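Student: model this:
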Amino acid sequence: MHLSYSDPETSREFHSGNDFVTPAAVRMNLCCMFMVSIRVLASGSKGNCTLVASATTRLLIDAGLSCRELLRRLALCGEEAASVDAILITHEHADHIAGLRVLARRLKIPVYITAATYQEYQRCARDAAGQRVSLDRREVFQSGRSFQVGDISVMPFTIPHDAVDPVGFTFCVEGSKLGICTDLGYLPASVRDQLRGCQVLMIESNHDLELLRGGPYPWSVKQRVMSRVGHLSNDALADFLTTDYDGVAEFLILAHLSEQNNHPEIARMTAERALGAQPSLFHQRLLLAPQHEPSAAVRL
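Tutor: As a prediction, this is how the structure comes out:
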C-alpha cells in the first residue's frame, strides 16, 4: 500500500510542457491514485471539523466552526463545498456543532446523528431569533451499527465523554481503514478494539497533566478534563501506544490539543517516546492536527 502526505496547493495552475493543468484536474487524477484521504480543517476547543474523502464521496466529521469559516477552509484546500455529500456528528458540544445548521442548510446535505444527540441539539440550539432549530435532512444512526455513505462504510462506536451519546468513527473503503477518536476520558477495551487495523489514526492527545494542574482553569474544570468522561492526556495516549496499540497505522494524527494545557512539542515527544518503545509493523509518521488552519492531506 502506498500512502502520501501532501501540502495543499489550492489556487495555482500547474504547468507541464505547453499545457496548463487546473487544480480540479489534479484532484481528479489523485482520486484515481488514492482510495481515501483525511484532512483536518480544525481540531481543538475552538472548533472541530475533518474531511474524509474517497474517489466519489466526501464526508465532513463535525461542524464546529461557523459556516463561513468552514467554507473558507474547504476553499483553502481546493475542495468545492458542493462536492460534500454529508456531515457526521460525534456529539453535541458547541466546538463540534457550532456551524452545523447553517452549513447543512447551505449545502443541502444530510446530517448523520444519533437520536439522543439530535434531541439534545434541539433542546439547546437556537437560531438568531432565539427559536429552537431543526435539521431539514436528518439520518439517524446507532452506535455499533455500520452504515454506508456513497462508497464509504462508516462504523460508529461509543466513547466515554460527558455528552449524551458520543461516538468515534472508523471509515473503510476497499480494504483501507481510517479512525477518528477524540473527546474521550480514557480508552476502554471496546474503543481499543475498534481502532485496530487503522492505516491512519486520528486520536486525542489533549493535555499535559502538569500543565493542566498548574494552568488557569478553575479546579472544577480541571477535574472534568481529567475525569473518565473528560479528555485524553498525553500520558494516557502514551500508555495506549506502549501497551495496546497494534502499530498498523502509517500515519498517527494527534488531535484536540489544548492551547492552554498542552504544547505541540510535549505532545509529540510523549507520543514519540511511546512509539519508540513499541515495535511497529511500519515506519510511522506522527502529525499534529492544527486548530487555526487546514492540515495537509493524508492519502491512502
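Student: poorly predicted segments of the stretch 51-200 of the chain, please.
Tutor: Within the stretch 51-200 of the chain, the set of residues satisfying pLDDT under 70 is empty.
Student: pretty sure Ser134 sits against Tyr121.
Tutor: No - look at Ser134 against Tyr121 with C-beta atoms under 8 Å: they stay out of range, at 9.1 Å. Heads up, the C-betas are built off the backbone N, CA and C, glycines and all.
Student: then stretch 145-152 to CSV, C-alphas only?
Tutor: Extracted in CSV, the C-alpha atoms of stretch 145-152 (Å, rounded to 0.1, in the frame of the first residue of the first chain):
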residue,chain,number,x,y,z
ARG,A,145,-24.2,-0.4,13.7
SER,A,146,-22.3,0.4,10.5
PHE,A,147,-23.9,2.4,7.7
GLN,A,148,-22.9,3.4,4.2
VAL,A,149,-22.5,6.8,2.6
GLY,A,150,-21.5,6.5,-1.0
ASP,A,151,-18.6,4.1,-1.2
ILE,A,152,-17.5,4.7,2.4
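Student: off-centre distance for it?
Tutor: What separates the centre of stretch 145-152 from the centre of its chain is 17 Å, taken as C-alpha atoms, centre = their mean, to the nearest Å.
Student: please apply the same query to stretch 73-90.
Tutor: Averaging C-alpha positions (C-alpha atoms, centre = their mean) puts stretch 73-90 13 Å from its chain's average.
Student: gap between the two ends of that stretch?
Tutor: One end of stretch 73-90 to the other measures 20 Å (C-alpha to C-alpha, to the nearest Å).
Student: mind listing what's buried along that stretch?
Tutor: Taking 16 or more other C-beta atoms under 10 Å as the basis for neighbour counts, the residues of stretch 73-90 that come out buried are 73-74, 77-79, 81, 84-90.
Student: could you do stretch 251-262 as well?
Tutor: The neighbour-count check on stretch 251-262 (16+ other C-beta under 10 Å) flags Phe251, Leu252, Ile253, Leu254, Ala255, His256, Leu257, Ser258, Asn261, Asn262 as buried.
Student: where do the strands sit along the stretch 101-250 of the chain?
Tutor: For the stretch 101-250 of the chain, applying DSSP state E, counting those that start in this stretch gives strands covering 111-113, 138-140, 147-149, 152-158, 167-173, 176-181, 200-204.
Student: quick one: which of those strands is nearest Tyr217?
Tutor: If you check each of these against Tyr217 by C-beta to C-beta, strand 200-204 wins as the nearest, at 17.3 Å.
Student: can you put the buried residues of stretch 73-90 in a markdown table and add secondary structure and distance to Arg213?
Tutor: Below are the buried residues of stretch 73-90 laid out as a markdown table (DSSP: H, G, I helix; E, B strand; the rest coil; distance: C-beta to C-beta, whole Å):
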| residue | secondary structure | distance to Arg213 |
| --- | --- | --- |
| Arg73 | helix | 33 |
| Leu74 | helix | 38 |
| Cys77 | coil | 37 |
| Gly78 | coil | 42 |
| Glu79 | coil | 40 |
| Ala81 | helix | 42 |
| Val84 | coil | 40 |
| Asp85 | coil | 43 |
| Ala86 | strand | 40 |
| Ile87 | strand | 36 |
| Leu88 | strand | 34 |
| Ile89 | coil | 32 |
| Thr90 | coil | 27 |
